[in-house]
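> Sharing a model prediction with you, sequence too.
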Number of protein chains: 2
Amino acid sequence: MTGTRAARAAETESALKEAAKRVFARTGYLRAKITDITAEADRAAGSFYSHFDGKESLLEALLADMLARGDERVEEAGHSPDFSDPAAVRWHVEAYWRFVRENRPVIIALHQAAMVDEHFARRLREILAPNLHDMVDHLEYIRAQGTRLPGDPLVVASALVSLIGQFTYTWLVGGGEELGRELGEREAVDTLTAFIVHGIAGGGPAE
Amino acid sequence: MTGTRAARAAETESALKEAAKRVFARTGYLRAKITDITAEADRAAGSFYSHFDGKESLLEALLADMLARGDERVEEAGHSPDFSDPAAVRWHVEAYWRFVRENRPVIIALHQAAMVDEHFARRLREILAPNLHDMVDHLEYIRAQGTRLPGDPLVVASALVSLIGQFTYTWLVGGGEELGRELGEREAVDTLTAFIVHGIAGGGPAE
DNA sequence: TGTACATCAGTGAACGCGCGTTCACTGATGTAC
DNA sequence: TGTACATCAGTGAACGCGCGTTCACTGATGTAC
């Protein structure tokens, strides 16, 4: 029966990826040793190199998986460009919050890799760029409708991305234990949405 | 003449610290080798250990310097607790922006060290905590005045810290080249201030 | 003021640890005839 | 269907590179008398 070998290899590869995610979530990407990952996956050290060239190539594979799942999602969900509508803002905030929660280990790894490796710094920017430009479009849309923005659309968009990105990271990755409480999705999304809706449109209509 | 020896040692120690800052700004903290620092300072490798126990102890010394300078600053500058006044918000935004700009290498190093070393993760939180609690106080103040906040003061304060911290990091440390433009202090502070003032107070007075 | 000795900052070659990576080997699966 | 051989996934001990850290040494500064 052919295919057993390939199946065994695929199983090991996936075991290594799952193990890597657990190790990244526990120890972080930068501190994770190859042998930590193979041990967690119950394989010998050498096994790793039948599947990946190194830790970077493993992370690249995890990114590909994550983005593939993310893309399916985007297909299904259309969203309103009208940022004066709180529901449109909420859609973005919620999508990002869930994305980070569901991909915590890979997000952690990518952030850490980006600090040390120019390749992953670029990769991180590439991944965030569409989101940023989407925001710029939305902001230009409401400006055309007569809303006075707090600044240049690109600068305001980068403020939105900074806010949503770092807030989410703080509570979901940092865990928020250092802030002495937990924060549920509902409250997080509500607060960010209200803050952003008023923040970008609070200047009222331009005269 | 006594004191020459001590002076020489002090000069080397400070040369190592200055060199470290240049290396951290160029290569980052995590990638910086001890010998990169000693070479940059024009000293022999072994010299390093007459002054510091290792890279961590060097960073701790740089943090102490930074915080000492920061504390002088806080002494002189009183600030208004009334966050419905844009000037009060602006004061915070501007202070943080300048702090990061003036301490870029140490900020970079601290962020990177915090990713890998629990000690520096705690240190980073400790350094940001007073700022966070100051924000909480200001938010509770305006809420007592009748402003309806977008959420719980602690959560909103963490949003403010996230926004200001990440926005500043993006433009001053990332350099913003990836966003295709430069951003001056004036525009940065104006935009953040307007965004925040409306974001926290845009809900109007509570009924 | 001079001499003899002690101390100390700085040097840089050498050592050794940690960990990524290799590679000869095993046992199982697949192929040829 | 059976036998002989080839291929391949996985193993884990061993190798070796990079870099932090040490340490015997140098020359200058400080101290004692």
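The structure has been received and is ready for your questions. On a predicted model such as this, the values are computed, not experimentally measured, just so you know.
> okay, CA-based contacts and neighbour counts for the rest of this
Will do.
> And the residue nearest to A:Phe48 when sequence neighbours are not counted, how far from A:Leu59?
Spatial nearest neighbour of A:Phe48, excluding adjacent residues (CA to CA, 6 or more residues apart in numbering or on different chains): A:Thr38 at 6.7 Å. Going from A:Thr38 to A:Leu59 by CA to CA, to the nearest Å gives 15 Å.
> What of A:Phe167?
From A:Phe167 to A:Leu59 the distance is 24 Å (CA to CA).
> neighbour-wise, which of those two wins?
Shown here are A:Phe167 and A:Leu59; by other CA atoms under 10 Å in any protein chain shown, A:Phe167 has more neighbours (25 against 21).
> Quick check: next helix or strand after the one helix or strand the more buried one maps to?
Following DSSP states H and E, one finds A:Phe167 within helix A:153-168. Next helix or strand after helix A:153-168 toward the C-terminus (DSSP H and E): helix A:185-201.
> for chain A, what are the low-confidence residue spans?
A:1-2, A:74-77, A:203-207 (pLDDT under 70).
> how about the residues of chain A that lie near chain B?
On the criterion CA under 8 Å from any CA of the partner chain, chain B has as its neighbours in chain A the residues A:28, A:30-31, A:112, A:115-116, A:125, A:150-151, A:155-156, A:158-160, A:162-164, A:166-167, A:170, A:178, A:187-188, A:190-192, A:194-203.
> quick check, distance from the biggest helix by length in chain A to the centre of its chain.
In chain A, assigned by DSSP state H, the helix with the most residues is helix A:118-144. What separates the centre of helix A:118-144 from the centre of its chain is 13 Å, taken as CA atoms, centre = their mean, to the nearest Å.
> now swap in stretch A:175-195 and tell me
17 Å.
> How about stretch A:172-184?
Distance, stretch centre to chain centre, for stretch A:172-184: 18 Å (CA atoms, centre = their mean).
> how about the residues of chain A that lie near DNA strand C?
Taking CA under 7 Å from any atom of the strand, the part of chain A that reaches DNA strand C is made up of A:1-6, A:32-35, A:45-47, A:49, A:53-55.
> Which of those fall within helices?
Per DSSP H, those map to helices at A:Thr4, A:Arg5, A:Ala6, A:Ile34, A:Thr35, A:Lys55.
> Between those, which sits nearest DNA strand D?
Closest to DNA strand D out of these is A:Arg5 (4.9 Å), distances taken as CA to the nearest atom of the strand.
> what helix or strand is the residue positioned nearest the centre of chain A on?
With distances taken as CA atoms, centre = their mean, the residue of chain A nearest its centroid is A:Val100 (4.6 Å). Following DSSP H and E, one finds A:Val100 within helix A:86-102.
> which helices and strands sit right next to that helix?
If contacts are counted by 3 or more CA pairs under 8 Å, 6 or more residues apart in numbering or on different chains; DSSP states H and E, helix A:86-102 sits against helix A:153-168, helix A:185-201.
> do you know which of those helices lies nearest B:Ile108?
Among these, the nearest to B:Ile108 by CA to CA is helix A:153-168 (16.1 Å).
> Quick check: A:Val106 vs DNA strand D, distance?
Distance, A:Val106 to DNA strand D, by CA to the nearest atom of the strand, to the nearest Å: 22 Å.
> thought that residue was touching A:Arg22?
No. Taking contacts as CA atoms under 8 Å, A:Val106 lies outside contact range of A:Arg22: 9.8 Å.
> For A:Thr147, give me phi and psi.
The phi and psi torsions at A:Thr147 (degrees, to the nearest 10) take the values phi -80, psi 140.
> A:Asp53 - how many residues pack around it?
Residues near A:Asp53, counting by other CA under 10 Å, number 10.
> same thing with A:Thr147?
The local packing of A:Thr147 (other CA under 10 Å) involves 20 other residues.
> for A:Gly199, same thing?
Using other CA under 10 Å, A:Gly199 is surrounded by 26 other residues.
> Now it: closest residue in space that isn't a chain neighbour?
Per CA to CA, 6+ apart, closest to A:Gly199 is B:Gly199, 3.6 Å.
> same check, this time on A:Ala88
A:Ser80 (5.4 Å).
> SS state for that neighbour?
The three-state label given to A:Ser80 by DSSP: H, G, I helix; E, B strand; the rest coil is coil.
> How much space separates it from DNA strand D?
Taking CA to the nearest atom of the strand as the measure, A:Ser80 falls 46 Å from DNA strand D.
> so that residue makes contact with A:Pro86?
No. Look at A:Ser80 against A:Pro86 with CA under 8 Å: they stay out of range, at 10.2 Å.
> got a list of what the residue nearest to A:Phe48 touches?
Contacts for A:Thr38 (CA atoms under 8 Å, 6 or more residues apart in numbering or on different chains) come out as A:Leu16, A:Ala19, A:Ala44, A:Ala45, A:Ser47, A:Phe48.
> cutoff 10 Å now
Under the criterion of CA atoms under 10 Å, 6 or more residues apart in numbering or on different chains, the contact list for A:Thr38 reads A:Thr12, A:Ala15, A:Leu16, A:Lys17, A:Ala19, A:Ala20, A:Ala44, A:Ala45, A:Gly46, A:Ser47, A:Phe48.
> Flag every buried residue along the helix or strand hosting the fourth one.
The secondary structure element spanning A:Lys17 is helix A:4-27 (assigned by DSSP H and E). Burial within helix A:4-27, assessed by neighbour count using 16 or more other CA atoms under 10 Å in any protein chain shown, is assigned to A:12-13, A:15-25, A:27.
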